[in-house]
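Visitor: With the input below, show me the fold.
(chains A and B)
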There are 2 protein chains.
Amino acid sequence: MAFSPLMTREHTWCVIMAGGVGSRFWPMSRSAYPKQFLDFLGLGRTLLQQTYDRFLPICPKENILVVTNAQYAHLVREQLPELKEEQILPEPFRRNTAPCVAYADHVIASRDPEACIIVTPSDHLVLKEEAFQRTIELALQHATNDDRLVTLGITPNRPDTGYGYIQFMDDAVPHPRVKKVKTFTEKPDLETARTFLESGDFLWNAGIFIWSLKSINKAFHQHLPAMQARFAKGEGLYGTIKERTFVEEAYADCENISVDYGIMEKAPNVYTIVSDFGWSDLGTWGSLYTHIPKDAEGNATVGENVRLYDCSGNMVHMHDERLLVMQGMKDMILVSTKDALLVCRKQDEQKIRQFVNDLTAETGDRYI
Amino acid sequence: MAFSPLMTREHTWCVIMAGGVGSRFWPMSRSAYPKQFLDFLGLGRTLLQQTYDRFLPICPKENILVVTNAQYAHLVREQLPELKEEQILPEPFRRNTAPCVAYADHVIASRDPEACIIVTPSDHLVLKEEAFQRTIELALQHATNDDRLVTLGITPNRPDTGYGYIQFMDDAVPHPRVKKVKTFTEKPDLETARTFLESGDFLWNAGIFIWSLKSINKAFHQHLPAMQARFAKGEGLYGTIKERTFVEEAYADCENISVDYGIMEKAPNVYTIVSDFGWSDLGTWGSLYTHIPKDAEGNATVGENVRLYDCSGNMVHMHDERLLVMQGMKDMILVSTKDALLVCRKQDEQKIRQFVNDLTAETGDRYI
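Guide: Residues are numbered from 1 along each chain as shown, chains lettered A, B, ... in the order given. Below you'll find the predicted structure:
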């Protein structure tokens, strides 16, 4: 298989995955209105919109696709009215990221067989946009010059137990930032995370992938052949009126599996770019807390009408326009939305998922 | 002056004072919608409605008058649609309780010169309705048989610093529950309150008065003669189209003074009935807390949609129908209304008044 020496911008595609539910951010994030559709940081653009904006300098805007659950397609249309209908790929069911990538790949194949593709989550934070662009350019070079599956690895600054880690080999590639991947690891416990940090050869897995269409197709052939074959059956249907029905049937047949587990952990040609672009997956209120400006007492506040007395270390998020007067609170999370209010110790935020489960068990999806 | 031996029910009148603002209960109680108009205990009837209900067995329903600030007259009409228009006495300004009593007395005088009157706040709690009725009957006997101004005194069960106290003389009256009043005292400090409790001759001043029209008129003549004369000028106007204008002018001329200070502390013929009818003035969130059923962890909750985890000793009041999920909170007050949310340490509830003042200074009456 031959690879073109350097992809031009017109062959660069971006697949934004926007199907997540985000239950850890309840009640801000709701199953009917998940995290990526919210302006989490109070910046005037939702996380999805920020993700879209981030890729505008990188590829033609008509090469940006958003894959999302069918129930969120209207939110994507609302928030990104500049997208044409063929840029929104609705998924009929939740089947994790491998089917999502396979579907998008086949749509792109029907439009541009020479494509190089960036796959990105829709709900992460990137503070250093320029560093991000340069990193993507570097990744595109390596993904297009060779048959490489590239993932971005963030240099860790703390033993975070909320992230997956990538272990790299130090001298496989003659480039200071491009490393061959040795292993992917799941979220570690604190002690393991500390060991990772000290060893110096572990990076946070940002879940951003860069590969040529040819490379990812080849990898699917090798590691998820049934899924690849199922979507290949639709050749000639993508972009036609028959696409939706075909995709519904294909998804029904698909394994529920992530691209990390199905492809990246198995493929021999996986590389990572050592990156530092002010990244957070905004996976928890705690990680959001670290990215919001704080007052002298360490209170991070989003909301116009918030009055704090004798408060410190709190994370306050007033999603509605109600007034909050708060006194005597320390290291708490308080989140207020139109129909729900959450108050929780910051250190116990992992319990939020349990609260949501309890709620679902008792009230169904009314508040979920 | 002659007093009739025993008042009949048809001459019994009740004056409900419903003009208060209730800023200590912000944000539940708003200046546009104060405490007496709220269903504070989640019982399905507001405090005003409960007060009205409480007097139905005591006097004819057309003898129940509600004196309120003009801005709240519509709330009284809404909540007590059974009242005729002449049973609602709107006050043009806030002038404390003495003008309120004088106004009501003159209205009653125009309808029933033989009246015996019970004056009551509209926003207190009475748990033992039958004990209350029997106490009122006893008070009516003593107020109608002799020229006595009677006030109800509650046997204290704790050294409360939020109440005024009545000191009584032990053997002036040959009745175990009827005592001549020695002094009224303002809210004491804790040490003084403890002394009061130990001494056994102090009662809480419930602010409920019972007197004949003749006795209270006589007392006004003696102790607030200008006010009495001012309202007496309206003779012939009460109950006519000219009443409102007359009352506006009379109030403008009136001193701002309480009936306690203006009459009760000065009159020589003041008696108290030693009472126990499960009373609270519901003056603070703390006093409300003591009257709401609590779970095993001491959380007092009003609201349908409240889910607590690892919480104890909290006072939660969801006035709207929003869901609350709360974790890790101890001894806090949380009050949620349609447009405001208060979180405050229970022990610091006296600061709420300051929060309201700050808010007024910065946002005017938007949230007040």
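Visitor: May I have the residues that are in contact with the spatially closest residue to residue A:126 that is not a sequence neighbour?
Guide: Distances taken as CB to CB, 6 or more residues apart in numbering or on different chains place residue A:132 nearest to residue A:126, at 5.0 Å, with adjacent residues excluded. (C-beta placed from N, C-alpha, C; glycine too.) Shown in contact with residue A:132 (CB atoms under 8 Å, 6 or more residues apart in numbering or on different chains): A:54, A:126, A:277.
Visitor: For residue A:124, see how far away residue A:132 is.
Guide: 10 Å (CB to CB, to the nearest Å).
Visitor: Between these two, which contacts overlap?
Guide: Counting by CB under 8 Å, 6+ apart, nothing touches both residue A:132 and residue A:124.
Visitor: Can you give the distance of the helix or strand containing the residue nearest to residue A:126 from its chain's centre?
Guide: Assigned by DSSP states H and E, residue A:132 belongs to helix A:129-145. Centroid separation for helix A:129-145 versus its chain: 17 Å, with CA atoms, centre = their mean, to the nearest Å.
Visitor: Give the burial count for residue A:130, as a bare number.
Guide: 9 (other CB atoms under 10 Å in any protein chain shown).
Visitor: Give me the phi and psi for residue A:222.
Guide: phi -80, psi -40 (degrees, to the nearest 10).
Visitor: before we move on, the earlier item: outside of the helix or strand following the helix holding residue A:132, which residues touch it?
Guide: Next helix or strand after helix A:129-145 toward the C-terminus (DSSP H and E): strand A:149-154. Contact with strand A:149-154 is made by A:135, A:139, A:142-143, A:166, A:168, A:179, A:181, A:203-211, A:215-216, A:219, A:263-264, A:267, A:269-277, A:279, as judged by CB under 8 Å, 6+ apart.
Visitor: Tell me which entries of those residues lie within helices.
Guide: With DSSP state H as the criterion, helices contain A:135, A:139, A:142, A:143, A:215, A:216, A:219 from among these.
Visitor: List the contacts of the residue most central in space within chain A.
Guide: Nearest to the mean C-alpha position of chain A, by CA atoms, centre = their mean, lies residue A:121 at 2.1 Å. By CB under 8 Å, 6+ apart, residue A:121 lies in contact with A:16, A:17, A:20, A:36, A:51, A:207, A:208, A:281.
Visitor: ditto for residue A:237
Guide: A:243, A:246.
Visitor: For the closest residue to residue A:9 other than its chain neighbours, list the residues it contacts.
Guide: Excluding its sequence neighbours, the residue lying closest to residue A:9 (CB to CB, 6+ apart) is residue A:59, at 6.4 Å. Shown in contact with residue A:59 (CB under 8 Å, 6+ apart): A:9, A:12, A:13, A:14, A:118.
Visitor: List the contacts of the last one.
Guide: Residue A:118 makes contacts with A:12-15, A:55, A:58-59, A:136, A:139-140, A:208-210, as judged by CB under 8 Å, 6+ apart.
Visitor: Please tell me I have it right and residue A:340 contacts residue B:320.
Guide: No. The criterion here is CB atoms under 8 Å, and residue A:340 misses it with residue B:320 at 10.9 Å.
Visitor: ok, so what distance separates residue A:334 from chain B?
Guide: According to CB to the nearest CB, to the nearest Å, residue A:334 and chain B sit 7 Å apart.
Visitor: for that residue, phi and psi?
Guide: phi -130, psi 120.
Visitor: Bridged to it, which residues?
Guide: Beta-bridge pairing for residue A:334 (DSSP bridges): residue A:316, residue A:343.
Visitor: and the contacts of residue A:118 as JSON lines, adding pLDDT?
Guide: Formatted as JSON lines, these follow (pLDDT from 0 to 100):
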{"residue": "A:12", "pLDDT": "97"}
{"residue": "A:13", "pLDDT": "98"}
{"residue": "A:14", "pLDDT": "98"}
{"residue": "A:15", "pLDDT": "98"}
{"residue": "A:55", "pLDDT": "97"}
{"residue": "A:58", "pLDDT": "95"}
{"residue": "A:59", "pLDDT": "95"}
{"residue": "A:136", "pLDDT": "97"}
{"residue": "A:139", "pLDDT": "96"}
{"residue": "A:140", "pLDDT": "95"}
{"residue": "A:208", "pLDDT": "97"}
{"residue": "A:209", "pLDDT": "98"}
{"residue": "A:210", "pLDDT": "98"}
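Visitor: Export those residues as CSV, with columns for distance to residue A:42.
Guide: Output for these, formatted as CSV (distance: CB to CB, whole Å):
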residue, distance to residue A:42
A:12, 31
A:13, 31
A:14, 25
A:15, 28
A:55, 22
A:58, 26
A:59, 28
A:136, 26
A:139, 30
A:140, 32
A:208, 24
A:209, 30
A:210, 31
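Visitor: Between these, which sits nearest chain B?
Guide: Of all the contacts of residue A:118, chain B sits closest to residue A:208, with 32.9 Å by CB to the nearest CB.
Visitor: what about the spatially closest residue to the closest one that is not a sequence neighbour, how many neighbours?
Guide: In space, and not counting its chain neighbours, residue A:208 is closest to residue A:152: 4.5 Å by CB to CB, 6+ apart. Other residues within reach of residue A:152, judged by other CB under 10 Å, total 26.
Visitor: What distance do you get for the residue nearest to residue A:126 to chain B?
Guide: For residue A:132, the distance to chain B - CB to the nearest CB - is 36 Å.
Visitor: on that earlier part again, let me know the closest of the contacts of residue A:132 to residue B:224.
Guide: residue A:126 (73.9 Å; CB to CB).
Visitor: Might you report the residue contacts of that closest one?
Guide: If a contact means CB under 8 Å, 6+ apart, then residue A:126 has A:50, A:54, A:132, A:277, A:278, A:279 as its contacts.
Visitor: Turn those residues into CSV, columns for pLDDT.
Guide: Listed next are the contacts of residue A:126 as CSV, based on pLDDT from 0 to 100:
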residue, pLDDT
A:50, 95
A:54, 96
A:132, 96
A:277, 93
A:278, 88
A:279, 91
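Visitor: Would you mind pulling the contact partners of the worst-scoring helix or strand of chain A on mean pLDDT?
Guide: Of all the helices and strands that make up chain A, helix A:285-289 has the lowest average by mean pLDDT, DSSP states H and E, namely a mean of 80. The contact list for helix A:285-289, computed with CB under 8 Å, 6+ apart, reads A:24-25, A:40-41, A:162, A:280-282, A:300, A:315, A:317, A:333, A:335, A:346, A:349, A:352.
Visitor: How about stretch A:21-30?
Guide: Contacts for stretch A:21-30 (CB under 8 Å, 6+ apart): A:31, A:34-36, A:38, A:40, A:94, A:123, A:283-285, A:317, A:319, A:335, A:337, A:339-342, A:349, A:352-353, A:355-356, A:367-368, B:323, B:325.
Visitor: from the stretch 1-150 of chain A, which residue is nearest to chain B?
Guide: residue A:27 (7.5 Å).
Visitor: go on, the stretch 51-200 of chain A?
Guide: For the stretch 51-200 of chain A, CB to the nearest CB, closest residue to chain B: residue A:162, 19.1 Å.
Visitor: how close does that residue sit to residue A:29?
Guide: In terms of CB to CB, residue A:162 sits 16 Å off from residue A:29.
Visitor: Of those two, give the one with the bigger neighbour count.
Guide: Per other CB under 10 Å, whichever of residue A:162 and residue A:29 has more neighbours is residue A:29, with 23 against 16.
Visitor: And the pLDDT at residue A:364?
Guide: For residue A:364, the model assigns a pLDDT of 74.
Visitor: I'd guess the residue nearest to residue A:9 is in a helix, am I close?
Guide: No. Read with DSSP: H, G, I helix; E, B strand; the rest coil, residue A:59 is coil and lies in no helix.
Visitor: quick one, phi/psi of residue A:293?
Guide: phi -60, psi 140.
Visitor: what's around it, how many residues?
Guide: Counted with other CB under 10 Å, the neighbours of residue A:293 add up to 10.
Visitor: can you tell me which residues contact the residue lying closest to it once chain neighbours are set aside?
Guide: With sequence-adjacent residues excluded and distances taken as CB to CB, 6+ apart, residue A:293 is closest to residue A:300, at 7.0 Å. Shown in contact with residue A:300 (CB under 8 Å, 6+ apart): A:288, A:289, A:292, A:293, A:294, A:314, A:315, A:316.
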